[in-house]
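Chemist: generate coordinates for the sequence data below:
(one chain, ligands or ions: 1)
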Amino acid sequence: MRLSDIIGQEVAVKTLEHSIKKGKISHAYLFDGENGVGKETTALSLVNHLLCESKSACGQCPDCLKFERGNHPGFRLIDSDSTSIKIDQIRDLKEKAQFINDHYMIWLIKDAHKMTLQAANSFLKLLEEPGRMTVFILVTNNLRQILPTIRSRCQVISFSRLSDESVHQILSSKVDIDSRPENTVNLIIKMSRGSIGKALELWDIPFLERRKWIIEQLINIPSMRGPEILGLSQKWIEDRSVVETDLELMLQWYRDLWCTKIDANEWIFNMDYQNELSGLSKKYPLASLEQITTLIMEMIVQLQRNVRVRFIMGYLLLQMRKGVLA
Ligand SMILES: [Zn+2]
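Modeler: Residues are numbered from 1 along each chain as shown. The predicted model follows:
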């Protein structure tokens, strides 16, 4: 894939294209950004350009063909196991990095922040004396966890969240976007918050079923009693990525109630639930809709701080119940 085909990361792409054009390739790049915004795709594209005979990722030359088939000797990938990149993997890299002639030897290190301290220190030595044609591309979603000594030896390339338009464009190249109603597509794009990875995850059927279940619970809350609400909160398990999506759905729902209340129907996301929104919005005063919305946003932040999921949910659902007009 050519760098020019990458959607939504203009700054990163321009920087890299410029380096290739000027023949000023860094020995080490550090690609930093949220999950699912195109860091790895861009890294692989950069690798393709560097290996290609004409440095253009032409897709035709022997080097491009070898790279496409996944057996180019000038490219190696280091991936973490579930938790870390270990020193043995870096030792292996060290041995192989020594065989260098006039071709690039490129290492892509995924989840670079997962290097153990030992591995990172060993890697640092490699960075201090890089081979002439060796390039390291480190990819991370957590720049703060990278040793400052490593960071300072890399050219940091930042990847921003994608715009809704970019997510739409990439999504339509990967799935049959017309197979779903426009509202659903828009909801998925909005909730992906600039990550194509997240959008593809949400595209799956379970997300739509999950959304239906969540909305059913939110519709029932005004008629539920305390013990029932606590019982409901026990249905969540400690899976933060599920809970995060659930909280986003709740946030969208309460925003919709608020929009319905102030007659701003054109801002509503859950268009397929307009009747339910209309009925339910009458049960909440505007102030409690605002309070609940703020609370959900706070809970999304809390979730990053290892607070227990059921505690968050129990508290939140009770506040949702309390907010109903007497
Ligand atoms: Zn080529």
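Chemist: how near is residue 302 to residue 181?
Modeler: 33 Å (Cβ to Cβ, to the nearest Å). Quick note: C-beta positions are derived from backbone N, CA and C, even for glycine.
Chemist: next one: residue 207
Modeler: Relative to residue 181, residue 207 is positioned 14 Å away (Cβ to Cβ).
Chemist: more neighbours: which of those two?
Modeler: Counting neighbours by other Cβ atoms under 10 Å for residue 207 and for residue 181 shows that residue 207 has the greater number, 17 against 11.
Chemist: SS state for the nearest residue to residue 193 once chain neighbours are set aside?
Modeler: Nearest in space to residue 193, with sequence neighbours left out and distances taken as Cβ to Cβ, 6 or more residues apart in numbering, is residue 161 at 6.4 Å. With DSSP: H, G, I helix; E, B strand; the rest coil as the basis, residue 161 sits in coil.
Chemist: list the contacts of residue 161.
Modeler: With contacts defined as Cβ atoms under 8 Å, 6 or more residues apart in numbering, the neighbours of residue 161 are 33, 34, 37, 193, 194, 195.
Chemist: need the max-distance pair from these.
Modeler: Using Cβ to Cβ, the pair of these lying farthest apart is 33 and 193, separated by 12.7 Å.
Chemist: assumed residue 107 was part of a strand.
Modeler: Yes: if the criterion is three-state DSSP, then residue 107 is within a strand.
Chemist: partner residues bridging it?
Modeler: Beta-bridge partners recorded for residue 107 (DSSP bridges): residue 76, residue 136.
Chemist: residue 200 versus the residue most central in space within the chain, what's the distance?
Modeler: Within the chain, the residue whose C-alpha comes closest to the C-alpha centroid is residue 35; the distance, by Cα atoms, centre = their mean, is 2.7 Å. To residue 200, residue 35 is 11 Å away according to Cβ to Cβ.
Chemist: for residue 120, same thing?
Modeler: Taking Cβ to Cβ as the measure, residue 120 falls 31 Å from residue 200.
Chemist: those two: who's more crowded?
Modeler: Neighbours per residue, other Cβ under 10 Å: of residue 120 and residue 200, the larger number sits with residue 120, 20 against 17.
Chemist: pLDDT wise, what is that one at?
Modeler: The score at residue 120 is 89. That number is its pLDDT.
Chemist: over to residue 82?
Modeler: As predicted, residue 82 sits at a pLDDT of 60.
Chemist: any residues of this protein in contact with the ion? List them.
Modeler: Taking Cβ under 5 Å from the ion as the criterion, the neighbours of the ion within the chain are 52, 58, 61, 64.
Chemist: the same query, at a cut-off of 6 Å, please.
Modeler: Where the chain comes near the ion, counting by Cβ under 6 Å from the ion, the residues are 52, 53, 54, 58, 60, 61, 63, 64.
Chemist: so what's the first one up against?
Modeler: With contact taken as Cβ under 8 Å, 6+ apart, residue 52 is in contact with 58, 61, 63, 64, 67.
Chemist: just the ones of those residues in helices?
Modeler: When these are checked against helices (DSSP state H), the matches are 63, 64, 67.
Chemist: residue 51 is in contact with the first one, correct?
Modeler: Yes: under the contact definition of Cβ atoms under 8 Å, residue 63 touches residue 51, with a separation of 4.8 Å.
Chemist: now do the shared contacts for those two.
Modeler: Here residue 63 and residue 51 share the contacting residues 72, 74, scored by Cβ under 8 Å, 6+ apart.
Chemist: which one's the longest helix in the chain?
Modeler: Ranking each helix of the chain by length (DSSP H) puts helix 240-261 first.
Chemist: quick one: name whatever helix or strand follows that one.
Modeler: Elements were assigned by DSSP states H and E; along the chain past helix 240-261, the next helix or strand is helix 274-281.
Chemist: buried ones in that following helix?
Modeler: 276, 277, 280, 281 (16 or more other Cβ atoms under 10 Å).
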